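**Student:** Turn this into a model:
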Amino acid sequence: MTILEPLAGTAPAVWESLDDRFAGIRGDKLLERLWTGGRWVEGPVYSPAGRYLLWSDIPNDRILRWDETSYQVSVFRQPAGNTNGHTLDTEGRLVSCEHGNRRVTRTAHHGAITVLASEYDGKRLNSPNDVVVKRDGSVWFTDPAYGIDSDYEGYKGQIETGGCHVYRVSTDGVLTRVADDFNRPNGLVFSLDESLLYITDSEEGTIRVFTVEGDKLSGGEVFAECGNGIFDGIRLDTEGRIWASAADGVHVYHPDGMLLGKLLVPETVSNLTFGGAKRNRLFVTATTSVYSIFTTVNGAPQPYQR
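**Tutor:** From the prediction side, this is the model:
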């Protein structure tokens, strides 16, 4: 018999409706606190094949792993290059942003690590933050400077690339800059048909939306402004709604930009992802802890699941 580890606590699940179109978006009555004890936890990614969740504890320089079948938490990798955001590629391999090593890497199923991007035009990247993979296999990531601002989330250093930008790695390894007018680009997610790319600017407190034209972006209008704290990580559900992290919890936006409602969380939320067998379990990283809740919605699938 599998003995499940006790939860690190629970909290009331408070859903705050702000628009009639939020009706029907609900979940369990309690948020499960799966784990606590981090300094600044980030970058959750769920592996359907392994039935586990990975996330980063950036200042403690480790990636942690929660097993869905046993509820046990273990160290997946330490040191970990002060990793931040993670995703899975079209083959289900882990793609990670490493603040400390100033690079984006891919971990093969057998554990070998390949560097996907570390320099642009001969200059070191700042500290890659969050990453998504398009269905064509290209890798898109943001590169603010949080990992080089001080030694807290990486190693203090200098911006060499002229600012904080957004980049794309093609399937043949070519790195291009796709957006260069951000203050601090952070979370990003494609629309369901990949015609749009939503990107947060954490210093400006905005989500911007770009039109995707092959390997280029255009537009960049403000899609939403955060009413509580700043935006960090963002994800989509199967209806195209944008789920965004904020100071008071998770904010849910309609594709027309209207704030529909919120899931209030006891700690400042950094990021989120959907997982579980039906992608209806929402995992939330929030300051020191990882929370989960089963919901009435389903997260948009990863590219390799199509």
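
**Student:** Tell me which stretches of the protein form helices.
**Tutor:** 146-149 (DSSP state H).

**Student:** hmm, which helix or strand of this protein has the shakiest average pLDDT?
**Tutor:** Ranked by mean pLDDT, DSSP states H and E, the weakest helix or strand in the chain is strand 10-12, scoring a mean of 94.

**Student:** Mind giving me the packing neighbours of that strand?
**Tutor:** Here strand 10-12 touches strand 30-36, going by 3 or more Cβ pairs under 8 Å, 6 or more residues apart in numbering; DSSP states H and E. C-beta coordinates here come from the backbone N, C-alpha and C atoms, glycine included.

**Student:** what's the strand it packs on in contact with?
**Tutor:** 7-13, 53, 64, 66, 71, 73, 265-266, 283-284, 288-293 (Cβ atoms under 8 Å, 6 or more residues apart in numbering).

**Student:** Can you turn the buried part of those residues into a ChimeraX selection?
**Tutor:** Command for ChimeraX that selects the buried part of those, burial taken from 16 or more other Cβ atoms under 10 Å:
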select :8,11,13,53,64,66,71,73,265,266,283,284,288,289,290,291,292,293
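
**Student:** Low-confidence stretches in the chain?
**Tutor:** The chain contains residues with pLDDT under 70 at 1-4, 304-306.

**Student:** and stretch 26-44, how far out from the chain's middle?
**Tutor:** 14 Å (Cα atoms, centre = their mean, to the nearest Å).

**Student:** and the longest strand along the chain, how far from the chain's centre?
**Tutor:** Determined from DSSP state E, the single longest strand within the chain is strand 216-225. Remark: strand 216-225 is offset 19 Å from the chain centroid, using Cα atoms, centre = their mean.

**Student:** Ends of stretch 168-183, what's the gap?
**Tutor:** End-to-end span of stretch 168-183 (Cα to Cα, to the nearest Å): 18 Å.

**Student:** which parts of it are buried?
**Tutor:** So for stretch 168-183, counting by 16+ other Cβ under 10 Å, buried means 168-169, 175, 178-179, 182.

**Student:** could you redo those as JSON lines and give each row distance to Pro44?
**Tutor:** Listed next are the buried residues of stretch 168-183 as JSON lines, based on distance: Cβ to Cβ, whole Å:
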{"residue": "Arg168", "distance to Pro44": "23"}
{"residue": "Val169", "distance to Pro44": "22"}
{"residue": "Leu175", "distance to Pro44": "26"}
{"residue": "Val178", "distance to Pro44": "25"}
{"residue": "Ala179", "distance to Pro44": "24"}
{"residue": "Phe182", "distance to Pro44": "23"}
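
**Student:** circling back to that earlier point, just the CA atoms of the longest strand of the chain, as PDB, please.
**Tutor:** Only the C-alpha atoms of strand 216-225 are listed here, as PDB (Å, rounded to 0.1, in the frame of the first residue of the first chain):
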ATOM      1  CA  LYS A 216       8.400  37.200 -36.100                       C
ATOM      2  CA  LEU A 217       6.100  39.200 -33.800                       C
ATOM      3  CA  SER A 218       4.100  42.400 -34.500                       C
ATOM      4  CA  GLY A 219       1.800  44.600 -32.500                       C
ATOM      5  CA  GLY A 220       2.400  44.400 -28.800                       C
ATOM      6  CA  GLU A 221      -0.600  46.300 -27.500                       C
ATOM      7  CA  VAL A 222      -1.400  46.200 -23.800                       C
ATOM      8  CA  PHE A 223      -3.900  43.400 -23.200                       C
ATOM      9  CA  ALA A 224      -4.400  43.800 -19.500                       C
ATOM     10  CA  GLU A 225      -3.000  45.800 -16.500                       C
END
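
**Student:** other SSEs contacting that strand?
**Tutor:** On the basis of 3+ Cβ pairs under 8 Å, 6+ apart, strand 216-225 makes packing contacts with strand 175-179, strand 206-213, strand 242-246.

**Student:** Which strands and helices lie in contact with the last one?
**Tutor:** Right, strand 242-246. strand 185-190, strand 216-225, strand 234-236, strand 249-253, strand 269-275.

**Student:** Ignoring the adjacent residues along the chain, who's closest to Arg279?
**Tutor:** Closest residue in space to Arg279, ignoring its immediate chain neighbours: Gly299 at 4.3 Å, by Cβ to Cβ, 6 or more residues apart in numbering.

**Student:** Count the neighbours of the one you found for me.
**Tutor:** Gly299 has 23 neighbouring residues, counting by other Cβ atoms under 10 Å.

**Student:** Isn't it up against Phe274?
**Tutor:** Yes: under the criterion of Cβ atoms under 8 Å, Gly299 makes contact with Phe274 at 2.2 Å.

**Student:** That's all I had, so thanks and see you.
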